[in-house]
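Visitor: Mind folding the following:
(2 chains, ligands or ions: 1)
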Amino acid sequence: MARVSAFYRSTVGKKVLMAITGFVLLGFVVVHMIGNLKAFMGAEYFNTYAEALRALGAPFFGHGQALWLFRIVLLGSVLIHAFFGIQLWLVSNRARPIGYEKTPYLQTTAASLTMRWGGLLIGGYVVYHLMHLTIGNVNPDFIPGDAYHNLVVGFESTTAAAAYVIAVFVLALHLYHGTWSALQTLGLNHPKYNSWRRGIAAVLAIVLLVGFATVPVAVQLGVLK
Amino acid sequence: MRLTLHVWRQASGSPSGRFERYDMPDADEHMSFLEMLDVLNNRLIEQGKDPIAFEHDCREGICGSCGMVINGRPHGPVQRVTACQLHMRSFKDGDDIWLEPWRARAFPVLKDLVVDRSAFDRIIQAGGYISIRTGAAPDANAVPIPKRDADSAMDAAACIGCGACVAACPNGSAMLFTAAKISHLGLLPQGQPERFSRVLDMVGTMDEEGFGSCTNHGSCEAACPKGISLDFIARLNRDLIRATLGKGMEVEAPAGGAG
Ligand code: FES
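Guide: Model prediction:
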């Protein structure tokens, strides 16, 4: 027990929890992207898919119950990830009260340097995103149950589509460093596979960027209507 | 060659300082960096001024005392070289050179470019030791060690504790140092008895000293004059997870057996 509390109190233990919750969220994001692409199969298919998500786990789970279970797990992951992220951010801020005249940031990438602000931005965007396409209160013409319609109407606004693409770009950047970093934090390295870790992270980031951005761009181009 | 130096000057005991400009009209490209500072200091002393304080001892890249940030790079522009092993031929005539101390809350500035690195000593004290039988030295090769482990342990043991990793880290984290120290003992049979308490204790002390939290930028690896690899950080993380899960507790029970 003393070990568990030492682990939890340590900066490394907190990061391990961030890595695990990060992977949970990464898994969600991949499934979400695949789901989005079903929009290209037509309105009926997409709406059936959206409805099937609510019926997930039937008959063991009642209507929408399994979906809520997932939502609770995701929300929990987001909270843990963000809470420790912010806590460790403060730890690092305190660690260097006086900065450098010439910044010695070596070997850093745009992705590694934007993890924290990027994370906050993604979190903020998700709130808007839920209001836009799930709750619908900022959607110009929200029809509960007609996911395809809501998506098309939602992305007909160029601003909304652009915001989505930007958010997805920030997410891809976050995951490019995050995936590699989480593997490192979990101690998952091996001389044989080390060189693969960056590559896998890069491929993942690009696939997600393209996969997500396709839908709003298709709406803007009139491919989805 | 003619150089302009901008050096961080901070009186001992003072919480703040500022950059002072010095002209160095006749630096020789064959000088080492510290010799160039020696020449400048001699002039300052002749003029009755306070010489620039910087730490140094071996001047051959093995003691780890000579750290300073030179133009935004710990130990200067040449990779895998300590400041004392840096030569003026790495600079060009007319260059501006900015000299700053390591910047970290855990490394308070003592004077000018000298910082107090005893936080590192306290991390070592927390777990950087092994239990062995005292008495006659054991026979050489009495404990077989796989070549790969021996090599890897030596790579980790190359750490000279200079603090460049902390200085370079955007988070001011001491993970590379701590990871190197944990690994060079943890990779060898002699280091097994305390392997898992070591990682918990050393990481705990590292956090208490006020170092930042690593986000795997890799700046430390780039700045390290000994080329210590980020892989050791993954190893530290792995050992910490295993220590928490209780794996390897059995290794810990009979202390000194592997000595
Ligand atoms: S003076 Fe010893 S390493 Fe530079």
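Visitor: CA only for contacts and neighbour counts going forward, please
Guide: Will do.
Visitor: Compute the number of surrounding residues for whatever residue of chain A ends up closest to the ligand.
Guide: Nearest residue of chain A to the ligand, counting by CA to the nearest ligand atom: residue A:104, 19.2 Å away. Residues near residue A:104, counting by other CA atoms under 10 Å in any protein chain shown, number 20.
Visitor: got the contact list for the closest residue to it other than its chain neighbours?
Guide: Excluding its sequence neighbours, the residue lying closest to residue A:104 (CA to CA, 6 or more residues apart in numbering or on different chains) is residue B:72, at 4.3 Å. Shown in contact with residue B:72 (CA atoms under 8 Å, 6 or more residues apart in numbering or on different chains): A:100, A:101, A:102, A:103, A:104, A:105, B:98.
Visitor: So among those, which ones count as buried?
Guide: Buried residues within the contacts of residue B:72, counting neighbours by 16 or more other CA atoms under 10 Å in any protein chain shown: A:100, A:104, A:105, B:98.
Visitor: Hmm, residue B:100 and the first one touching each other?
Guide: Yes: taking contact to mean CA atoms under 8 Å, the distance of 7.4 Å between residue A:100 and residue B:100 places them in contact.
Visitor: Most remote residue from the middle of chain B, which is it?
Guide: residue B:47 (34.1 Å; CA atoms, centre = their mean).
Visitor: Could I get the phi/psi values of it?
Guide: The phi/psi pair for residue B:47 (degrees, to the nearest 10) reads phi -80, psi 0.
Visitor: ok, and for the strand or helix carrying residue A:118, which residues are buried?
Guide: Assigning secondary structure by DSSP states H and E places residue A:118 in helix A:115-133. Using 16+ other CA under 10 Å as the test for burial, helix A:115-133 gives A:115, A:116, A:118, A:119, A:122, A:123, A:125, A:128, A:129, A:132, A:133.
Visitor: quick check, nearest of the buried ones among the contacts of residue B:72 to residue B:169?
Guide: residue A:105 (7.0 Å; CA to CA).
Visitor: Would you mind measuring from the closest one to residue B:223?
Guide: Applying CA to CA, to the nearest Å, the value for residue A:105 to residue B:223 is 9 Å.
Visitor: anything in contact with each of those two?
Guide: residue B:168.
Visitor: What average pLDDT does stretch B:152-163 get?
Guide: For stretch B:152-163, the mean pLDDT works out to 97.
Visitor: Give me the contact status of that stretch with chain A.
Guide: No: using CA under 8 Å from any CA of the partner chain, stretch B:152-163 stays clear of chain A, coming no nearer than 11.3 Å.
Visitor: quick one: contacts of that stretch?
Guide: B:62-67, B:102, B:117, B:120, B:174, B:177, B:180-181, B:183-185, B:187-188, B:226, B:228, B:232.
Visitor: got any ranges where chain A has weak pLDDT?
Guide: A:1 (pLDDT under 70).
Visitor: can you check the stretch 151-259 of chain B too?
Guide: Those would be B:247-259, if you go by pLDDT under 70 across the stretch 151-259 of chain B.
Visitor: Verify the stated contact: residue B:41 with residue B:52.
Guide: Yes: between residue B:41 and residue B:52 there is a contact at 6.3 Å, judged by CA under 8 Å.
Visitor: tell me the two of the buried ones among the contacts of residue B:72 that are most distant?
Guide: Largest pairwise distance in the buried ones among the contacts of residue B:72, by CA to CA, is 15.3 Å, between A:105 and B:98.
Visitor: Now residue A:21: closest residue in space, sequence neighbours ignored.
Guide: Nearest non-adjacent residue to residue A:21, counting by CA to CA, 6+ apart: residue A:77, 5.0 Å away.
Visitor: contacting residues around that neighbour?
Guide: By CA under 8 Å, 6+ apart, the neighbours of residue A:77 are A:21, A:22, A:24, A:25.
Visitor: Let me see the ranges of the helices in chain A.
Guide: For chain A, the helices defined by DSSP state H occupy A:2-9, A:11-37, A:43-54, A:65-95, A:110-113, A:115-133, A:147-156, A:158-185, A:194-220.
Visitor: Save these as CSV, and put in distance to residue B:145 too.
Guide: Shown next, in CSV, are those (distance: least, CA to CA, whole Å):
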stretch, distance to residue B:145
helix A:2-9, 29
helix A:11-37, 29
helix A:43-54, 55
helix A:65-95, 38
helix A:110-113, 38
helix A:115-133, 41
helix A:147-156, 62
helix A:158-185, 26
helix A:194-220, 24
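Visitor: if I pick residue A:11, what's in contact with it?
Guide: Counting by CA under 8 Å, 6+ apart, residue A:11 has contacts A:88, B:207, B:213.
Visitor: Can you get me a residue count around residue A:24?
Guide: A count of nearby residues for residue A:24, using other CA under 10 Å, gives 15.
Visitor: Correct me if wrong: it contacts residue A:74.
Guide: Yes: using CA under 8 Å, residue A:24 is in contact with residue A:74, at 7.5 Å.
Visitor: Up against the ligand, what does the stretch 1-150 of chain B have?
Guide: By the rule CA under 6 Å from any ligand atom, the part of the stretch 1-150 of chain B lying against the ligand is B:56-66, B:82-84.
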